[in-house]
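> Okay, predicted coordinates and the sequence, questions at the end:
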Amino acid sequence: MRSSDGETLVTGEHAGARLRRLMQTTCVAMPGAFNGLVARAVADAGFDACYVSGGAISAASGVPDIGLLSLEAFSRVIREVADSSGLPVIADADTGFGEGEMLTRTVWEYHRAGAAGFHIEDQVFPKRCGHLDGKALVSVDNMQEKISRAASARDACSGGSFIVCARTDARSVEGIDQAIERSMAYLDAGADMLFPEGFHSEEELGRFAEAVRGRGRNGGPFLLGNMTEFGKTPIIPMDRWESLGYSCVIFPVTSLRVAMGAVTKFLEALRRDGHVEASLDTMQPRKELYELLGYTPGTEWVYPGSTRRD
């Protein structure tokens with residue numbers, strides 16, 4: 001969130017508490033941000049929260065989304081996005097970067113990086129994109145242990161404000177009934193939010209929401225919807241997600257896909273023409289870039305992270 005002069009607003013409230021409060025009143029749209037500049041654009045466009053996708057971070061680093069990057073690599077992007085946007089950030093934690101103590105460490109590192117919360121998934125490592133076939137799941141007991149450790153770390157690092165979201169990929173492996181059953185077990189282990197991945201229709205998503213309604217802590221859980229493109233879930237408008245009972249919706253790789261589509265076309269034109277004139281109309285002008293950065297040449301620039309209070 002930014003003030004009228006473009007500076008990040010200072011708040012003593014934990015980002016997770018801010019996001020919880022937002023989700024109690026509306027279904028929150030969370031565009032994906034894979035670096036600080038995109039995060040600034042998300043905030044300047046008027047969104048109330050944003051998302052950091054493991055798939056987008058991986059692709060932007062030139063590798064596939066199969067768990068190749070480290071906790072440190074993810075935490076660096078999370079801090080960049082949180083500092084630059086000033087918004088609550090939900091961040092992908094894949095399968096938790098390991099077992100046992102690694103779940104505790106991941107919560108603490110994401111918290112220190114400024115995340116409002118994270119989601120972990122019940123796939124085996126190395127994981128696959130949630131909209132690909134051939135996924136395999138860990139046992140319910142294993143996932144419950146991970147969530148329990150994450151919940152304990154949540155309470156220790158943030159007084160319970162950090163959001164622990166459990167993603168289940170069971171729909172594509174074991175069916176909807178098992179996705180619901182697993183999710184109930186994850187709530188019992190301490191999850192605040194559920195993320196049903198790879199569902200095929202509004203009807204399925206609504207059935208899931210109805211089955212878990214009121215089963216979490218304090219009448220929860222919060223529900224996260226995934227509005228990715230070219231996957232198993234159809235394009236669903238925000239108002240429909242809200243009517244289905246979802247608390248927030250992520251657009252995980254959309255900004256990266258749009259950006260890379262433009263970059264690819266630009267490179268094709270440059271190779272063909274030998275100059276950039278055909279691409280000028282699609283570029284962000286220097287003036288707009290400086291405005292987005294909050295930068296005026298000759299004037300001291302204020303680092304956005306210096307105004308964010310942990």
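Alright, I've got the coordinates.
> quick one: what helix or strand has the residue minimising distance to the centre of the chain in it?
Geometric centre of the chain, nearest residue: residue 51, 3.0 Å, by CA atoms, centre = their mean. Residue 51 is part of strand 50-52, with elements assigned from DSSP states H and E.
> Give me the buried stretch members for the next helix or strand after that strand, please.
Toward the C-terminus, strand 50-52 is succeeded by helix 54-60 as the next helix or strand (DSSP H and E). For helix 54-60, a neighbour-count test (16 or more other CB atoms under 10 Å) marks 54-60 as buried. Every C-beta, even on glycine, is put in place using the N, C-alpha and C of the backbone.
> repeat for stretch 253-265
253-257.
> Please narrow those residues to those residing in strands.
Using DSSP state E, no member of the buried residues of stretch 253-265 falls in strands.
> Check those against residue 28 and report the nearest one.
Checking the buried residues of stretch 253-265 against residue 28 with CB to CB, the nearest one is residue 254 at 15.6 Å.
> Just the pLDDT for that closest one.
Predicted confidence (pLDDT) for residue 254: 97.
> mind listing what it touches?
Applying CB atoms under 8 Å, 6 or more residues apart in numbering to residue 254 gives the contacts 31-32, 227-229.
> gap between stretch 28-35 and the chain center?
Centroid separation between stretch 28-35 and its chain, computed with CA atoms, centre = their mean, to the nearest Å, is 6 Å.
> Quick one: end-to-end length of it, please.
Terminal residues of stretch 28-35 lie 20 Å apart, using CA to CA, to the nearest Å.
> what mean pLDDT does it have?
Mean per-residue pLDDT for stretch 28-35: 98.
> where does residue 28 fall, phi/psi-wise?
With angles defined as degrees, to the nearest 10, residue 28 sits at phi -90, psi 120.
> ugh, typo on my part, it should be residue 165
Dihedral angles of residue 165 (phi, psi; degrees, to the nearest 10) stand at phi -110, psi 130.
> for the host helix or strand of residue 289, which positions count as buried?
Assessed by DSSP H and E, residue 289 sits inside helix 286-293. With burial defined by 16+ other CB under 10 Å, the residues of helix 286-293 counted as buried are residue 292.
> Relative to the whole chain's centre, how far out is it?
Counting by CA atoms, centre = their mean, helix 286-293 comes out at 25 Å from the chain centroid.
> Mind giving me the packing neighbours of that helix?
Under the contact criterion of 3 or more CB pairs under 8 Å, 6 or more residues apart in numbering; DSSP states H and E, helix 286-293 touches helix 36-44.
> what stretches of this structure score poorly on pLDDT?
Applying pLDDT under 70 to the chain flags the ranges 1-11, 126-134, 219, 305-310.
> mind listing the helices in it by residue range?
Assigned by DSSP state H, the chain shows helices spanning 15-23, 36-44, 54-60, 71-85, 101-113, 140-158, 176-188, 202-212, 238-244, 254-273, 286-293.
> For residue 166, which of the ones you listed is the nearest?
Proximity to residue 166 (CB to CB) singles out helix 176-188 among these, at 3.8 Å.
> Dump that closest one to PDB, restricted to CA.
Provided in PDB are the C-alpha atoms of helix 176-188 (Å, rounded to 0.1, in the frame of the first residue of the first chain):
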ATOM      1  CA  ILE A 176     -12.000 -34.900  -4.900                       C
ATOM      2  CA  ASP A 177     -13.100 -36.900  -1.900                       C
ATOM      3  CA  GLN A 178      -9.500 -37.600  -0.900                       C
ATOM      4  CA  ALA A 179      -8.600 -33.900  -1.500                       C
ATOM      5  CA  ILE A 180     -11.300 -32.900   0.900                       C
ATOM      6  CA  GLU A 181     -10.400 -35.600   3.500                       C
ATOM      7  CA  ARG A 182      -6.700 -34.600   3.300                       C
ATOM      8  CA  SER A 183      -7.600 -31.000   3.700                       C
ATOM      9  CA  MET A 184      -9.600 -31.700   6.900                       C
ATOM     10  CA  ALA A 185      -6.500 -33.500   8.300                       C
ATOM     11  CA  TYR A 186      -4.300 -30.500   7.400                       C
ATOM     12  CA  LEU A 187      -6.700 -28.200   9.300                       C
ATOM     13  CA  ASP A 188      -6.500 -30.500  12.300                       C
END
